[in-house]
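Visitor: after the sequence you'll find the predicted model.
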Amino acid sequence: MAMVRILMSLATIAILFGSTMAANHTVGAPKGRWDESTDLTTWAASETFLVGDSLIFVYSPNHDVLEVRKGDYDSCQTTNAISTNGGGMTIISLSSTGKRYFICGTGGHCASGMKLEVNTLATAPVVPPPVSPPVKSPVSAPSPKVAPKISPVSAPSPKNAPKISPVSASSPKSLAPTPKNAPKSSPAASSPETPSLSPSSSDFVPTSSPSSSPSVPSSADKISVIASSTVGFGLVTMMLFFM
């Protein structure tokens with residue numbers, strides 16, 4: 001355990017005094033290290049490896065670090081390793097671009113997930129800053145007070161519509177004068193041979209009004225009256241004589 005603490009201290013010192021242009025990546029840090037309990041795949045996906053960086057493996061004595069090829073990495077084959085490293089701490093320099101593969105040579109550890117794939121890049125990818133979309137103010141419909149009043153184009157109402165008298169043929173009733181409007185024929189205009197004396201006739205007009213003065217009796221009428229009176233007087237005298 002004391003040896004592991006010393007190696008961890010050395011790794012920390014190497015990180016602090018590393019080159020300013022290069023980065024040192026402690027495998028599995030900060031929550032883990034080179035062992036079976038650390039999710040090394042997730043850790044590698046969260047890191048960016050560039051040319052000139054270094055990998056620092058810190059592990060216990062029962063582990064080691066083998067660099068292998070792609071086929072041996074997939075099958076956890078340890079017999080054809082490119083390099084074998086032990087001692088509790090291993091530093092690998094990433095001097096070229098491309099992928100490199102590392103496994104633990106202890107039996108069954110690679111199959112348990114103690115394997116690491118590293119993709120080294122020439123330069124760090126430029127990640128543009130997130131651009132927030134412009135805030136668009138919601139377009140609200142104008143309120144009834146502000147909205148312009150647009151009167152719909154409609155047909156004119158009967159009150160406002162221009163009065164156009166239709167040109168139609170005049171009916172017989174409109175041409176013939178009604179009894180009320182018909183001119184009344186005067187008695188003077190009628191023929192003297194056929195006077196209209198019927199009181200029920202609507203065209204009869206009395207020749208004299210009730211307010212006219214009575215006519216003066218003629219001399220013939222006076223004589224007839226005197227004669228009638230004389231005869232009557234004689235008859236009365238004879239009746240008195242025979243009584």
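Guide: Alright, I've got the coordinates. Numbering: from 1, shown residues only.

Visitor: could you export the host helix or strand of Thr90 as CSV, keeping only the C-alpha atoms?
Guide: With secondary structure defined by DSSP states H and E, Thr90 is part of strand 89-93. What follows is the C-alpha trace of strand 89-93 in CSV, where atoms were taken according to Å, rounded to 0.1, in the frame of the first residue of the first chain:
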residue,chain,number,x,y,z
MET,A,89,2.8,2.8,-12.5
THR,A,90,3.3,3.1,-16.3
ILE,A,91,3.6,6.3,-18.4
ILE,A,92,2.9,6.0,-22.1
SER,A,93,3.7,8.9,-24.4
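
Visitor: partners of that strand in the sheet?
Guide: Taking DSSP bridges as the criterion, strand 89-93 sits next to strand 54-58 (antiparallel) in its sheet.

Visitor: now the partner strand: average pLDDT?
Guide: Averaging pLDDT along strand 54-58 gives 97.

Visitor: same check, this time on stretch 89-101
Guide: 96.

Visitor: ok, then the element right after the strand holding Thr90?
Guide: Using DSSP H and E, the helix or strand that follows strand 89-93 towards the C-terminus is strand 98-103.

Visitor: who does that following strand pair up with?
Guide: For strand 98-103, using DSSP bridges, the partner strands are strand 65-68 (antiparallel), strand 115-121 (antiparallel).

Visitor: that one: which residues count as buried?
Guide: 100-103 (16 or more other Cβ atoms under 10 Å). Backbone N, C-alpha and C define where each C-beta goes, glycine included.

Visitor: of the strands paired with strand 98-103, which approaches Met239 most closely?
Guide: Go through the strands paired with strand 98-103 one by one with Cβ to Cβ and the one that ends up closest to Met239 is strand 115-121, at 179.4 Å.

Visitor: and that closest one, what's buried?
Guide: Taking 16+ other Cβ under 10 Å as the basis for neighbour counts, the residues of strand 115-121 that come out buried are 115-118, 120.

Visitor: repeat that for stretch 50-61.
Guide: Going by neighbour count (16+ other Cβ under 10 Å), the buried part of stretch 50-61 is 50, 53-59.

Visitor: how long is it end to end?
Guide: From its first residue to its last, stretch 50-61 covers 29 Å (Cα to Cα, to the nearest Å).

Visitor: and what of stretch 80-97?
Guide: The separation between the terminal residues of stretch 80-97, taken as Cα to Cα, is 22 Å.

Visitor: do stretch 113-132 as well
Guide: For stretch 113-132, the separation between the terminal residues is 40 Å (Cα to Cα).

Visitor: fine by me, we can end here.
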